[in-house]
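Colleague: Model the following, please.
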Amino acid sequence: MNNSSLDSASLDSAIDVAIVGAGPYGLSLSAHLAKTGLRTRIFGKTMQSWQDHMPRGMKLKSEGFASSIYDPDSAFPLSEYCRENNISYADIGNPVPLETFVAYGHEFQRRLVPHLEPVEITSIKPSSYGFTLTTALGEAFDARSVVLAVGITHFSYIPPMLAALPSEHISHTFDHSDLSQFQGRKVAVIGAGASAIDTAAALHEAGAHVEIITRASRIAFHSKGTEPRPLMERLRNPRSGLGVGWKSWLCSNLPLVFHRLPENMRLRATRRHLGPAPGWFVRDKVEGVMPIHLNAELQSASVENGQACLTFTTPTNPATTLAFDHIVAGTGFHPAITRLTFLDETLRSTLKTVEDTPILDRNFESSVPNLYFIGLAAANSFGPLNRFACGAEFTAKHLTQHLA
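Modeller: Below is the predicted model:
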């Protein structure tokens, strides 16, 4: 390549790898790349989604041993941070408070990724060197490779029927950390997954009057983990970062095998395995505490007399209409390339996709050479492991080996 053709920055400022995102995946990858000698920069606010977009007081559903951020020497797992700070910790059965996880992420960044630049990337365009990136401060520079580790930040999903409501009446769980603004207000939470139920519990604790509406037939709280277990139980249901059972173990430990499966099998497994399931520790905060409408199919959503009105049916009731001051959609996150507007349209239109997610090779590389996706955006290629923080370990090791 003719380096004199760089079109936005001098060769001196060009780097090998730019990482966009500073959650568990971005931090883990950056810590691994730091030992390779590659010229690397990482951008983003440390643990932003965890710190700014999850309800205060919540606890992680993942077990303690599966909630670390990963460095190449395995020198600073979550257990070590808790030991140093005299914080209660157990590999199994002791839920990790959100505040502990966020503080751990910040300390990991200070120790192992001190070069993090807490600034947003506003534009990524193709260049003769690879890519030209522009920061929110106006700096433009070139990178040979770009790794997008954006997590869930751009992917909150609200069903069209609810999204059509005025913004003052509808929001997503991702929009909230401090829920005190809802004190004394009547709020509907839509959904039965962890984000919906955690938010419903936090809303109640903040003094809101909460009702849960879900099409699920039950809220599938996952079971409390216990160890040690009898040998036969461990053989029948091995434990992994995704939980117990052979399916979870295989998804956790053989992501490259998962990648080789036929596309339709991968998509189906990613959709269906580990469906909505709140943590066992939040059950007593919602069951018997607030109305829960199960098997509910939404028929309409409108605003009448200043309130959001939801009409839904259940198997035992042809139509129920309830009015609320606000609706919070706990309807999950759908990765979608079209929502990454900082990617130049040329790049987005060139990417080969399935269900609006990038088709990735075994090294997380997209159809655009040297453009990589990790975390949630890679789940359709590598499985449900990539929906959880524990997937950062395999990702960081494997991608570092490839990039180096």
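
Colleague: what about the strands in the stretch 201-350 of the chain?
Modeller: Secondary structure of the stretch 201-350 of the chain (DSSP state E, counting those that start in this stretch): strands located at 209-213, 239-240, 243-244, 292-293, 297-304, 307-314, 317-324, 326-329.

Colleague: Nearest to residue 79, out of those?
Modeller: Closest to residue 79 of the strands of the stretch 201-350 of the chain is strand 239-240 (Cβ to Cβ; 16.1 Å). (C-beta placed from N, C-alpha, C; glycine too.)

Colleague: returning to that earlier point: could you dump the strands of the stretch 201-350 of the chain to CSV with mean pLDDT?
Modeller: Converted to CSV, these look like this (pLDDT from 0 to 100):
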stretch, mean pLDDT
strand 209-213, 98
strand 239-240, 96
strand 243-244, 93
strand 292-293, 97
strand 297-304, 97
strand 307-314, 97
strand 317-324, 94
strand 326-329, 98
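
Colleague: closest one to residue 55 among the ones you listed?
Modeller: strand 326-329 (10.1 Å).

Colleague: Need the contact partners of that closest one.
Modeller: 157-159, 162, 165, 168-173, 176, 182, 185-191, 196, 199, 203, 301, 308, 310 (Cβ atoms under 8 Å, 6 or more residues apart in numbering).

Colleague: Mind doing that once more with 6 Å?
Modeller: With contacts defined as Cβ atoms under 6 Å, 6 or more residues apart in numbering, strand 326-329 is touched by 158, 162, 170-173, 187-190, 199, 308.

Colleague: Kindly indicate the member of those residues with the most neighbours.
Modeller: residue 189 (31 neighbours; other Cβ atoms under 10 Å).

Colleague: Distance of that residue relative to residue 100?
Modeller: Applying Cβ to Cβ, to the nearest Å, the value for residue 189 to residue 100 is 25 Å.

Colleague: so who does residue 201 touch?
Modeller: 282, 285-286.

Colleague: tell me the pLDDT at residue 3?
Modeller: pLDDT, residue 3: 41.

Colleague: hmm, I was thinking of residue 9
Modeller: What the model reports as pLDDT for residue 9 is 43.

Colleague: Could you do residue 77 as well?
Modeller: pLDDT, read off for residue 77, is 98.

Colleague: Excluding residues flanking it in the chain, which one is nearest it?
Modeller: Spatial nearest neighbour of residue 77, chain neighbours left out: residue 68 (4.1 Å); criterion: Cβ to Cβ, 6 or more residues apart in numbering.

Colleague: wait, isn't the one you found in contact with residue 76?
Modeller: No. Between residue 68 and residue 76 there is no contact under Cβ atoms under 6 Å: 8.2 Å.

Colleague: Between these two, which is the more surrounded one?
Modeller: Applying other Cβ under 10 Å to residue 68 and residue 76 shows that residue 68 carries more neighbours, namely 25 against 19.

Colleague: Next up, phi/psi of the more buried one, please.
Modeller: For residue 68, the backbone dihedrals (degrees, to the nearest 10) come out as phi -90, psi 160.

Colleague: Also residue 187?
Modeller: As for residue 187, its main-chain torsions (degrees, to the nearest 10) stand at phi -130, psi 130.

Colleague: Give me the distance between it and residue 169.
Modeller: Distance from residue 187 to residue 169, by Cβ to Cβ: 11 Å.

Colleague: again with residue 335
Modeller: From residue 335 over to residue 169 the distance is 26 Å, taken as Cβ to Cβ.
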